[in-house]
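Q: just the structure for this:
(2 chains)
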Protein chains: 2
Amino acid sequence: MELKPIGLIHSRYTQATGTPIQPCRAHESPGQVTLHEEFVEGLADLAGFDRVWLIYFFHRASAAKMRVIPYRDTVERGLFATRVPARPNAIGMSCVRLLGISGCILRLEEVDILDHTPLLDIKPYVPQYDNYPVQRCGWLDTVPDQAVVADARFERKEFSTSPDKR
Amino acid sequence: MELKPIGLIHSRYTQATGTPIQPCRAHESPGQVTLHEEFVEGLADLAGFDRVWLIYFFHRASAAKMRVIPYRDTVERGLFATRVPARPNAIGMSCVRLLGISGCILRLEEVDILDHTPLLDIKPYVPQYDNYPVQRCGWLDTVPDQAVVADARFERKEFSTSPDKR
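A: Next comes the predicted model:
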């Protein structure tokens, strides 16, 4: 099962440390997608959507472990009960604001994604498909809801010395 | 960029025709995940969540085209403005109800996924991360909101004669 990037995601974040953990925590975090030319025709009709899902590859994530201490907690949790980037298939998804499209460029806001992340897919955000009321959110119901940014705990070591250009 | 299934998704749907197009259209659609043994430890703490995202490979989707007539419309739309399965990277995501976990088995409801679909990832569904109010949903704002199931238009031909066991 092989995947090929359809474009690149650009943002102000050059290392995990300090990157917002989710779009809801990423205020004033502009970014953009540069889509490869062969896929630009597929952007037709997308500009009418306020938000889009970006599906991407966590290209700088470390190897997956089945027990992890997630950013918002202090004890180990099962990996699949968390959204940490270091996963067996390191696929990320973020619901970002779509500001506009010009040619192969998508202008975005609320981007919680590292610069140069390979893009795998774009899907329209549809509340009817993506919003569901739930009563229980597991361990997340028990931790404080404070602003959280990532740190280096799930970042591959060979990248951890890269300069922070923010 | 290579992916390996972490398990299999089972459902009552053996061909695209008649499969609900989204979990919100999949009432009384039980299913389950069988996770490969090496990943079972990663299920710890997941049972406390009402819903989970399944990330999977549309293994029976046809080749991607940049203009498609989606299930809910009668005219062509740009592929990335739709959720059709035939995409450059054929990754699907469905927010399904989690009923329970026993060993490597997840019991699920509202499953809109074909039987034997390869599973790539499980993430907890977190409204704070996944629910966003939007004003505009593009072409979807202009079409009738009626119950819709899939048909064979995005299914690979070599599968289209498989018997319907439902």
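
Q: what are the phi and psi angles of the closest residue to residue A:109 other than its chain neighbours?
A: In space, residue A:109 comes closest to residue A:97 once its chain neighbours are excluded; the distance is 4.1 Å by C-beta to C-beta, 6 or more residues apart in numbering or on different chains. (C-beta placed from N, C-alpha, C; glycine too.) Main-chain torsions, residue A:97, degrees, to the nearest 10: phi -80, psi 130.

Q: quick one, what contacts residue A:97?
A: A:23, A:50, A:51, A:108, A:109, A:110 (C-beta atoms under 8 Å, 6 or more residues apart in numbering or on different chains).

Q: go again using 7 Å as the cut-off
A: A:50, A:51, A:108, A:109, A:110 (C-beta atoms under 7 Å, 6 or more residues apart in numbering or on different chains).

Q: over to residue A:150?
A: By C-beta under 7 Å, 6+ apart, the contact list for residue A:150 reads A:16, A:17, A:19, A:21, A:71.

Q: ok, back up a step: just among the contacts of residue A:97, which is most surrounded?
A: residue A:108 (26 neighbours; other C-beta atoms under 10 Å in any protein chain shown).

Q: got the buried residues for the helix or strand of chain A with the lowest mean pLDDT?
A: The helix or strand of chain A with the lowest confidence, counting by mean pLDDT, DSSP states H and E, is helix A:127-130 at a mean of 94. Using 16 or more other C-beta atoms under 10 Å in any protein chain shown as the test for burial, helix A:127-130 gives A:127, A:129, A:130.

Q: cool, stretch A:43-54 as well?
A: Within stretch A:43-54, the residues scored as buried using 16+ other C-beta under 10 Å are A:43, A:44, A:45, A:46, A:47, A:49, A:50, A:51, A:52, A:53, A:54.

Q: residue A:32 reaches residue A:107, doesn't it?
A: Yes. Between residue A:32 and residue A:107 there is a contact under C-beta atoms under 7 Å: 5.5 Å.

Q: compare those two (neighbour count), which wins?
A: Between residue A:32 and residue A:107, counting by other C-beta under 10 Å, residue A:32 is the more crowded of the two (19 against 14).

Q: state the phi and psi torsions of that one.
A: Dihedral pair for residue A:32: phi -150, psi 160, per degrees, to the nearest 10.

Q: what pLDDT is listed against the nearest residue to it once chain neighbours are set aside?
A: Leaving aside its chain neighbours, residue A:32 sits nearest to residue A:10 (5.0 Å; criterion: C-beta to C-beta, 6+ apart). At residue A:10, the model reports a pLDDT of 98.

Q: residue A:10: neighbouring residues, count only.
A: Number of residues near residue A:10 (other C-beta under 10 Å) recorded here: 19.

Q: which residues touch the helix or strand encompassing it?
A: Secondary structure assignment for residue A:10, by DSSP states H and E: strand A:7-11. Identification of contacts with strand A:7-11 by C-beta under 7 Å, 6+ apart yields A:29, A:31-36, A:54, A:56, A:111, A:113-119.

Q: got the CA positions of that strand in CSV?
A: C-alpha atoms of strand A:7-11 as CSV (Å, rounded to 0.1, in the frame of the first residue of the first chain):
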residue,chain,number,x,y,z
GLY,A,7,1.5,18.5,-2.5
LEU,A,8,3.3,20.2,0.5
ILE,A,9,1.9,22.0,3.5
HIS,A,10,3.7,25.2,4.6
SER,A,11,3.4,26.8,8.0
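
Q: tell me the strands beside it, with direction?
A: Here strand A:7-11 is paired, per DSSP bridges, with strand A:31-35 (antiparallel), strand A:117-124 (antiparallel).

Q: give me whichever of the ones you listed is most buried.
A: Among these, strand A:117-124 has the highest mean neighbour count (mean count of other C-beta atoms under 10 Å in any protein chain shown), at a mean of 24.

Q: average pLDDT for that strand, rounded please.
A: 98.

Q: what lies in contact with that strand?
A: By C-beta under 7 Å, 6+ apart, strand A:117-124 touches A:3, A:5-9, A:33, A:46, A:49, A:52-57, A:59, B:80-81, B:83, B:87, B:89, B:91, B:138.

Q: filter these down to just the ones in strands.
A: Among the contacts of strand A:117-124, the residues falling in strands (DSSP state E) are A:7, A:8, A:9, A:33, A:52, A:53, A:54, A:55, A:56, A:57, B:91.

Q: tell me the bridge partners for the third one.
A: By that I understand residue A:9. Beta-bridge partners for residue A:9, by DSSP bridges, are residue A:33, residue A:117.
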